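Chemist: give me coordinates for this.
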Amino acid sequence: MKKRFIFIPLAILIVIAGVLIWACELRHPFGMGLSAELLEGLGPYMSESGGPGYKGDISAQTTNTYITKSTKVMVFPLKKGNDYYRIPTLVQLTNGDLLAFADRRIGTIGDLPNTIEVVYRRSKDNGKTWSAQRLVSPKCTSKANSHGDAGFILDRKTGNIICVVAAGNGFLNSTPDNPIRIKIIKSKDNGETWSEPVDITPQIYGSACKDPTRKNWQAAFAASGNGVQLRNGRMLFVLAVRESIANFAKNYVMYSDDGGDTWKVSKNAPQSSSGGDEAKIVELNDGTLLMAIRAKDIYQRRLAKSTDNGETWGPAVFRSDLPSSASNGDIIYYTSTNNGWDKNRLITMFDTAPYSVSSPAKPYLFYSYDDGNTWRKFMIENGKAGYSSLAILKDGSIGILAEIGGSWNGPIYFMRLNMKYITGGKDSGPFKVKVKQK
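Modeler: Next comes the predicted model:
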């Protein structure tokens with residue numbers, strides 16, 4: 001009798017599975033699998049244990065020696081022939097390679113609408129040497145097929161690289177009927193080849209969007225640099241959105257729960273008297289999301305939080321301890337005590353300037369041991385700088401790719417640093433904490 005009772009629920013499960021497959025085949029006669037509606041709610045895209053940030057090993061050499069800016073290497077020149085280079089992003093791949101991305105702006109250094117291609121160079125030796133330049137986006141022949149201001153996420157589940165680009169029309173020229181386009185480009189082989197761009201603009205905004213509010217938005221683009229993937233697999237890029245004709249941006253979030261195939265938009269943007277601009281997100285130890293927003297009007301970084309994976313956002317708070325010019329910068333969670341490290345370390349980088357001056361100035365690394373409640377700083381260069389990007393390298397050191405030398409232009413340099421150098425020897429980590437056996 002017991003075997004019979006075990007068999008009955010098993011049979012029921014088989015029948016249910018068969019019905020689902022049958023229903024799916026009616027919808028997709030060529031066997032495309034279960035529909036998105038059926039799959040929705042079956043669980044997160046992935047589920048990582050521990051805390052955010054680096055989970056690998058950090059060698060004694062990485063922590064004990066001073067890794068200084070003497071490692072600086074020019075990856076992209078300011079100008080080569082008729083080409084200008086801007087907008088850096090640094091991505092550490094799971095195979096150990098390091099990719100440096102930039103806009104190649106043809107003929108003029110300006111933003112869209114312009115003739116722009118997204119390009120990259122590869123390093124196999126932790127940033128010491130770099131390969132020849134290669135294309136990510138299609139070859140650009142006119143402003144109509146231009147792609148730039150790229151953002152990137154490395155999918156830790158598949159190893160795929162997800163690239164979001166702005167295309168075609170410029171932000172200020174955009175309208176619901178003729179919007180600046182948002183496209184996704186993917187690589188499934190560590191950047192060796194890249195897919196054709198897929199236009200996801202109707203999923204986000206514009207007259208073709210099904211959402212009754214977002215179909216009336218005037219313009220939107222995703223901030224260049226690194227997006228973020230949460231421990232549950234959700235991918236997020238911050239949008240700069242112009243809701244109306246007025247030139248006043250807000251920071252909504254576009255996110256994907258299926259590896260970057262489909263995208264949704266947050267329910268609100270952080271409230272701020274200065275509106276929004278390019279911004280980045282980092283996941284904190286407790287799952288709270290922290291958005292760091294480019295300065296505007298008041299030259300201080302603004303921080304906002306979400307406690308529901310980016311669906312809704314609290315107010316953007318000006319931080320006097322994060323003085324900043326109106327420039328784009330990155331933020332990363334470096335080490336978490338939940339992963340066995342000695343301290344929580346949160347790092348962000350941007351250039352600073354007097355509050356009355358908007359153009360970039362001396363670049364600083366800011367670091368926090370308490371999830372962004374307080375910050376300390378270290379000057380990287382005694383001169384002007386522009387956009388910057390951060391990555392945790394394969395040996396656990398901190399990689400920087402930044403525009404250094406002028407106001408919002410390059411050349412674009414790579415540097416590799418560690419906490420000992422950044423803190424003047426005050427931080428001897430990161431190191432693993434040995435758990436005492438009971």
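
Chemist: strands paired with the helix or strand hosting residue 413, and their directions?
Modeler: Counting by DSSP states H and E, the element that carries residue 413 is strand 412-417. According to DSSP bridges, strand 412-417 forms sheet pairs with strand 73-76 (antiparallel), strand 398-404 (antiparallel).

Chemist: what is the neighbour count of the nearest residue to residue 295 once chain neighbours are set aside?
Modeler: The shortest distance from residue 295 to any non-neighbouring residue, by CB to CB, 6 or more residues apart in numbering, is to residue 324 (4.2 Å). Using the backbone N, CA and C atoms, a C-beta is placed for each residue, glycine as well. Look at residue 324: counted by other CB atoms under 10 Å, it has 27 neighbours.

Chemist: what sits against residue 324?
Modeler: 294, 295, 299, 300, 301, 350, 351, 352, 353 (CB atoms under 8 Å, 6 or more residues apart in numbering).

Chemist: now with 10 Å?
Modeler: Listed by CB atoms under 10 Å, 6 or more residues apart in numbering, the contact partners of residue 324 are 292-296, 298-302, 348, 350-353, 355, 360-361, 364, 366.

Chemist: next one: residue 312
Modeler: By CB under 10 Å, 6+ apart, the neighbours of residue 312 are 253, 266, 267, 268, 269, 270, 306.

Chemist: element containing it, please.
Modeler: Going by DSSP H and E, residue 312 is not part of any helix or strand.

Chemist: and what of the one 10 residues further on?
Modeler: Of the helices and strands defined by DSSP H and E, residue 322 is found in strand 317-323.

Chemist: so which bits of that strand are buried?
Modeler: Judged by neighbour count (16 or more other CB atoms under 10 Å), strand 317-323 contains these buried residues: 318, 319, 322, 323.

Chemist: for the nearest residue to residue 132 once chain neighbours are set aside, give its distance to residue 193.
Modeler: Excluding the flanking residues, the one nearest residue 132 by CB to CB, 6+ apart is residue 121, at 7.1 Å. Distance, residue 121 to residue 193, using CB to CB, to the nearest Å: 16 Å.

Chemist: compare these two (neighbour count), which wins?
Modeler: Per other CB under 10 Å, whichever of residue 121 and residue 193 has more neighbours is residue 121, with 19 against 10.

Chemist: quick test: name the residue nearest the centre of this structure.
Modeler: The residue lying closest to the centre of the chain (CA atoms, centre = their mean) is residue 227, at 1.4 Å.

Chemist: who's in contact with that residue?
Modeler: Neighbours of residue 227 in contact, by CB under 10 Å, 6+ apart: 89, 151-154, 162-164, 235-238, 253-256, 260, 280-281.

Chemist: same question for residue 424.
Modeler: 66, 378.

Chemist: host element of it?
Modeler: Short version, using DSSP H and E: residue 424 is in no helix or strand.

Chemist: who touches residue 382 in this structure?
Modeler: Taking CB under 10 Å, 6+ apart, we find residue 382 in contact with 361, 362, 363.
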